[in-house]
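Trainee: Give me coordinates for this.
(chains A, B and C)
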Amino acid sequence: MQLIVNITVLAAIYALLACGYVLIYRVSRVLNMAHGEIAMLGAYLLYTTASLFVGNPFTAIAVAVVMSLTVGVLVYVLLMRKMTGEMVLAAILTTIAIGILLRGLIVLIWSAAQQHPLEALHFSNPSIGLFGGARISACAALMVVMTAVVYGGLFAFLRFGRWGVRMRAAGQNPLLAAQRGVNLNAVYALAWALSSLSGSIAGMLIALDSGLDQTMVVIGLKAFAPALVGGLDSLLGALLGSLIVAAAEVLAIHYIDPLLSDVVPFLVLIAMLIVRPWGLFGTREELDRV
Amino acid sequence: MTSALLAIEKLEVVYQRAITAVQGITLAVEAGQIVALLGTNGAGKSTTLRAISGFLGLDDARVTEGAISFKGTRIENRPPHENTRRGIVLVPERDKVFPNLTVAENLIAPVPRGTSLAEHRRREALVYQFFPRLGELKTRIGGLLSGGERQMLALASAIVCRPELLLVDELSLGLAPVVVEDLLRRLIEIRRELGITILIVEQSATVALEIADYGYVMENGRIVLDGTAERLRIHPDIQEFYLGSKSGERRNYRDVKQYRRSRRWYG
Amino acid sequence: MSRAPRASGYFRTSYAQDLALVGTRLERTSLGMFILALLAFPFMASAFQLDLACQVFLACVGALSLMLLTGYAGQISLGHAGLMAAGAFTVGILFRETNAPFWITLPSAALVGALLGIIFGLPSLRLRGLYLAVSTLALHFVVIYLGGEYESRRGFSTGIVIDPPTLGGVAITDGRVWYFILLTAAATTLLLCVNLLRARSGRAWRAIRAHETVAEALGISIAGYKLLAFVISSAITAVAGALFAYYRGFVSVEAFSLFLTIQYLAMVIIGGMGSLLGALLGATFVTIFPYIIEIGLLALPGAQRYASLLFAVNYAGFGLVMILFLIFEPLGLVGIWHRIQSYFLLWPFKHRSASGSRR
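Mentor: Below you'll find the predicted structure:
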């Protein structure tokens, strides 16, 4: 039973992070390799606002959320916008570089020591007992709830309205989309804002649950496997992919070897790439008409 | 000239800050006309169309000199979606449909002028009337359409945007003559029913001069000839190089290929 | 393969001339002077500068192999560090388990690299671009995991120590000897790459990079040449890793993180894709960069405070430079060089006309 709880929590973490990758990819075919760092930045921002707004934890959270949204938009407007129309490889490398830059800046501003936003917020993280003798921490439970909320919101936004189609169109053929009236900059900025928002929420919750330090980037990177397994431009796929990868990882740690935790997502990824490269629900690409 | 819907003056377009593709051209399109832009490969015709529609940072192209005016307002170096909102819509030569969307989605994706959803739906219905074949193909994926169907879809998605000026780049490229005839007829129908002005770029002068009212001939980034379709059809140089009339003896290409920028031909 | 014609009246009139690596007298003299400078350097430089030069040569080997794979054959690979780790670990494992000398371990490293190259390259037969990059990334993690497993299983949790290679009973530890060894390695790799590119393989790779479907239609064996690119590139990379192991005398998984791959990618990008000269320039730039930052930082007042932040500043600075190059000069240092050349060649004209002659 505890295993199922663990799987659900890990799947929630992965899902929240994975949808960030999906949003940006769907809209611009760019793989945002800085997603882990942006999520981490969100958590650090929460730590700072928590220290600033002592006694007002909810204000702190709200401010941190707004700042994360802004970070996403800024990263797009200042840096990624210049890459519109350039080769996708160059754009991906730019995101890698942004990630490196952010990581360096974070250490410079906040130092590499582990931080505890939970204490700064004066929250507690009690362990809740569930049926079957399993236990789950309050923050982890909150994480699962937030995943449902975020995904619900995103599905609603993308399904009701033509903008879901337009975002996919922008991803497939940006020039044509622009020639058909789609304001690419607005669409991209929106995707980046939503992506950094969801990533930051994930980062904040992870930090609240288990402390905040540089290792969060690793989770960000691992979360990329479920995004791909599900199909890089499918939200539903990200959800499903997260479940699959989380299950594989938890079971492997439990039954085989705890050291495997960092490799299992990538093994699942490799398996999926061999069998079905575009993922479970992704759009089949590369229609090559010479 | 001031009454022209689209006026281009001494336009210069440069790629990658090093190659001048269009070297100072001047042309005008009156409302309701169909104007043809002729020329061989590399003459700069497609570049001109893209300059009118707007570049996107791909190919690092820029308008470096001259002016493009649409209904009196300068529009050079504006992004494509802005010009589409103004009513200038381009049907590109390559990548003209969204390959992984269905036909129906291809027609949903454009953002037409005037944001009313009802209006958008009406336009879609209209477009299915012009191109009934697309109605049969609603769930087919764009990338799997045949050449002719793709061109139809491209035209249709352009018309959904409610253009005032339609720019068509190489309509006939890669299509069978029968298909091209069909498309041309529909273009004329569209001009008649919707009152859209059309600027069409073509390598095939035969095709273009069939429907055009007026034509410009470009070469090496310059306009070397212009006139009404009538005059162009009977012009000996055009006949020789574009319409393929025989002349009996072999001629040296270099000797014969002299164009002079002719004086205006009207009266 | 003949290079682009020169602007002035330099014509090649025989096949021998066409195949020659250096043509004009200017090229010959400048190359000669450069070689002389390289040979004289170790006798005039300090130990620190020698070490720096050795690092640059090591980096060159890795950068050249990556340029071959990504810059010419167009196969995006994020598994570079994993391949270097494989080479280094081959040396480490062979040394620890069997005490093998370097003339066994180095070829073994190359062999291991080649085998891994096949594995890393197999996805490229089905995947392209992003998906290929991701598959190589995943394989990188697998290799690192295996290396980590070996370390912990055999009790080398802090890493494997390796004795320096011996030649005729004498251990090679002198900085100057290493300089020449690594210089030779870099030069050999460069020659190898130049010749691979001038031959059929080079043309095939360029064709594959430009448009794969068309290349296949022209009769080029896509699978064969893609795998060839991976195999050769991986073998060279593994040897680079092996040399790195010997030079440092130490092998550990931490040294082969994703950041190392990114550094090599940066070398290729900053140098300029599709140019061997770019690989060399990029390798030099990225290797020297941290030291420049350090000097810059220490020159600021209150240097002591910043010393602890050095690593973070390095990181951030590196990211910043990469971004600047990607946004403003995607063609890299070589692109800058060509622009300067164009400016002088075309002057007083600013632009080339589309119908004019191409350089």
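Trainee: Starting from C:Leu260, give me the distance back to A:Ala50.
Mentor: Between A:Ala50 and C:Leu260 the computed distance is 35 Å (C-beta to C-beta, to the nearest Å). No exception for glycine: its C-beta is placed from N, CA and C like everyone else's.
Trainee: And for A:Ile201, nearest residue in space, chain neighbours not counted?
Mentor: Leaving aside its chain neighbours, A:Ile201 sits nearest to A:Met146 (5.8 Å; criterion: C-beta to C-beta, 6 or more residues apart in numbering or on different chains).
Trainee: Could you measure from the one you found over to A:Cys139?
Mentor: The gap separating A:Met146 from A:Cys139 is 10 Å, by C-beta to C-beta.
Trainee: ok, back up a step: quick one: which of A:Ala50 and C:Leu260 has more around it?
Mentor: A:Ala50 (27 against 18; other C-beta atoms under 10 Å in any protein chain shown).
Trainee: Please tell me I have it right and that one contacts A:Pro117.
Mentor: Yes. With contacts counted by C-beta atoms under 8 Å, A:Ala50 reaches A:Pro117, the gap being 5.3 Å.
Trainee: Quickly list what's touching both of A:Met146 and A:Cys139.
Mentor: Between them, A:Met146 and A:Cys139 share these contacting residues under C-beta atoms under 8 Å, 6 or more residues apart in numbering or on different chains: A:Leu205.
Trainee: Show me which positions of the host helix or strand of C:Ile336 end up buried.
Mentor: C:Ile336 is part of helix C:332-346, with elements assigned from DSSP states H and E. Buried residues in helix C:332-346, counted by 16 or more other C-beta atoms under 10 Å in any protein chain shown: C:Gly332, C:Leu333, C:Val334, C:Gly335, C:Trp337, C:His338, C:Ser342.
Trainee: for stretch A:32-46, same thing?
Mentor: By neighbour count on 16+ other C-beta under 10 Å, the buried set for stretch A:32-46 is A:32-46.
Trainee: which ones among those come in contact with chain C?
Mentor: With C-beta under 8 Å from any C-beta of the partner chain as the criterion, these include none near chain C.
Trainee: List just the nearest of the residues you listed to B:Arg231.
Mentor: Distance to B:Arg231, by C-beta to C-beta, is smallest for A:Asn32 among these, at 57.0 Å.
Trainee: Now do the contacts for the closest one.
Mentor: A:Gly20, A:Tyr21, A:Ile24, A:Tyr25, A:Ile38, A:Thr95, A:Trp192, A:Ser195.
Trainee: and the first one, how many residues sit next to it?
Mentor: A:Gly20 sits with 32 neighbouring residues when counted by other C-beta under 10 Å.
Trainee: related to what we said a few turns ago, burial of the residue nearest to A:Ile201, as a residue count?
Mentor: Residues within reach of A:Met146, counting by other C-beta under 10 Å, total 18.
Trainee: so after the host helix or strand of it, what's the next helix or strand?
Mentor: Assigned by DSSP H and E, A:Met146 belongs to helix A:138-159. Per DSSP H and E, the first helix or strand lying C-terminal to helix A:138-159 is helix A:163-172.
Trainee: angle of that next one against helix A:138-159?
Mentor: Put simply, helix A:163-172 runs at 90 degrees to helix A:138-159, going by axes from the mean of the first three to the mean of the last three C-alpha atoms, to 10 degrees.
Trainee: and helix A:163-172, anywhere near chain C?
Mentor: No. Looking at helix A:163-172 against chain C by C-beta under 8 Å from any C-beta, there are no contacts, and the closest approach is 12.2 Å.
Trainee: Which strands and helices lie in contact with that helix?
Mentor: Packing partners of helix A:163-172 (3 or more C-beta pairs under 8 Å, 6 or more residues apart in numbering or on different chains; DSSP states H and E): helix A:2-28, helix A:138-159, helix A:174-179, helix A:184-210, helix B:103-108.
Trainee: hey, which of those helices is tucked in deepest?
Mentor: Stretch with highest mean neighbour count among the helices and strands packed on helix A:163-172: helix A:174-179 (a mean of 26; mean count of other C-beta atoms under 10 Å in any protein chain shown).
Trainee: How far away from the center of its chain is that helix?
Mentor: Relative to its chain's centre, helix A:174-179 lies at 27 Å (C-alpha atoms, centre = their mean, to the nearest Å).
Trainee: what does it rub up against?
Mentor: Under the contact criterion C-beta under 8 Å, 6+ apart, helix A:174-179 has outside partners A:28, A:84-85, A:166, A:169-170, A:184, B:53-54, B:56, B:58, B:79-81, B:84, B:89-90, B:92, B:95-98, B:109.
Trainee: Can you pick out the ones from those residues that are in helices?
Mentor: Among those, the ones falling in helices (DSSP state H) are A:Ser28, A:Arg166, A:Ala169, A:Ala170, A:Leu184, B:Ser53, B:Pro80, B:His81, B:Thr84.
Trainee: would CSV of those with pLDDT be doable?
Mentor: Output for these, formatted as CSV (pLDDT from 0 to 100):
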residue, pLDDT
A:Ser28, 83
A:Arg166, 87
A:Ala169, 87
A:Ala170, 88
A:Leu184, 87
B:Ser53, 91
B:Pro80, 90
B:His81, 89
B:Thr84, 91
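Trainee: neighbour-wise, which of the residues you listed leads?
Mentor: A:Ala169 (29 neighbours).
Trainee: Alpha carbons of the helix holding A:Met146, as CSV, please.
Mentor: Output in CSV follows, covering the C-alpha atoms of helix A:138-159 (Å, rounded to 0.1, in the frame of the first residue of the first chain):
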residue,chain,number,x,y,z
ALA,A,138,0.9,16.8,4.1
CYS,A,139,3.0,18.5,1.4
ALA,A,140,3.1,15.4,-0.7
ALA,A,141,-0.7,15.2,-0.5
LEU,A,142,-0.9,18.8,-1.5
MET,A,143,1.3,18.1,-4.4
VAL,A,144,-1.1,15.4,-5.7
VAL,A,145,-4.0,17.8,-5.3
MET,A,146,-2.1,20.6,-7.1
THR,A,147,-1.3,18.3,-10.0
ALA,A,148,-5.0,17.6,-10.5
VAL,A,149,-5.8,21.3,-10.3
VAL,A,150,-3.1,22.4,-12.8
TYR,A,151,-3.9,19.7,-15.3
GLY,A,152,-7.6,20.4,-15.0
GLY,A,153,-7.0,24.0,-15.7
LEU,A,154,-4.7,23.3,-18.7
PHE,A,155,-7.1,20.8,-20.2
ALA,A,156,-10.0,23.3,-20.0
PHE,A,157,-7.9,26.1,-21.5
LEU,A,158,-6.7,24.1,-24.4
ARG,A,159,-9.8,22.2,-25.3
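Trainee: Let's test this: mean pLDDT of it, rounded?
Mentor: Mean per-residue pLDDT for helix A:138-159: 85.
Trainee: What is the neighbour count of C:Tyr15?
Mentor: Neighbour count for C:Tyr15, taken as other C-beta under 10 Å: 8.
Trainee: OK, contacts around it?
Mentor: By C-beta under 8 Å, 6+ apart, C:Tyr15 has no neighbours at all.
Trainee: if I look at it, how far off is chain A?
Mentor: Per C-beta to the nearest C-beta, to the nearest Å, C:Tyr15 is found 34 Å from chain A.
Trainee: Span of stretch C:155-162 from start to end?
Mentor: Chord length of stretch C:155-162, first to last residue, is 15 Å (C-alpha to C-alpha, to the nearest Å).
Trainee: Show me which residues of that stretch are buried.
Mentor: C:Phe156, C:Ile160, C:Ile162.
Trainee: just curious, which of those residues is nearest to C:Ala40?
Mentor: Relative to C:Ala40, the closest of the buried residues of stretch C:155-162 is C:Ile162; by C-beta to C-beta it sits at 30.7 Å.
Trainee: who's in contact with that closest one?
Mentor: Residues in contact with C:Ile162 (C-beta under 8 Å, 6+ apart) are C:Val91, C:Gly92, C:Phe95, C:Ala245, C:Tyr246, C:Gly249, C:Phe250, C:Val251.
Trainee: Swap in 10 Å and give it another go.
Mentor: Going by C-beta atoms under 10 Å, 6 or more residues apart in numbering or on different chains, C:Ile162 touches C:88, C:91-92, C:94-96, C:102, C:105, C:242, C:245-251.
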